[in-house]
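**Q** here are the coordinates; sequence isn't available:
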């Protein structure tokens, strides 16, 4: 096998980062990590609890450390949290330590994929679509800024998207 490289998946909530990341890691025989899952493992609590107790700022501090630690590994696929990209430190670590794949999706798909998910603290509001639209305005340019590859995820299965990523990366 060629030199193992890291693949970092970025994109908004509901883009499929975790699901696609698992497929991608399995297909490439790489370790899979999910930064939100790692935060839950380290705190022993779910993300909603961390948000409740520490606020978004506390969560983002934890996220920055987790991504810094995980990106030091070699031969991994990492699914990052949707808001992680707002940290300059995280963007720098992702760009310097691996290939960044932006999983692009529409607001409609995000709403459809997240509407029943109660584990997303930022969407526990009356109008989650409005929140997703505001987040997209801020975050989409940042995803594009550091992406080495952009893949649309809307009308395709996770396995098909994983295959597209592999093809585009030439693995």
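**A** It's in. As the structure is a computational prediction, the values presented were derived from the model and not from experiment. Numbers count the residues shown, from 1 in each chain.

**Q** Just the buried residues of the helix or strand of the chain with the lowest mean pLDDT, please?
**A** Lowest on mean pLDDT, DSSP states H and E among the helices and strands of the chain sits helix 107-114, with a mean of 88. Across helix 107-114, burial judged by 16 or more other C-beta atoms under 10 Å covers 107, 109-111, 113-114. From N, CA and C alone the C-beta is placed, and that goes for glycine too.

**Q** could those residues go into CSV alongside distance to residue 20?
**A** Shown next, in CSV, are the buried residues of helix 107-114 (distance: C-beta to C-beta, whole Å):
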residue, distance to residue 20
107, 19
109, 13
110, 15
111, 19
113, 12
114, 15
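
**Q** State which helix of the protein is the longest.
**A** Taking DSSP state H as the criterion, the chain has its longest helix at helix 47-70.

**Q** All the strands of the protein, residue numbers only.
**A** Assigned by DSSP state E, the strands in the chain fall at 7-10, 31-34, 76-79, 99-104, 149-152.

**Q** Please point out which parts of stretch 159-167 sit buried.
**A** Under the neighbour-count criterion of 16+ other C-beta under 10 Å, stretch 159-167 has 161-162, 164-165 buried.
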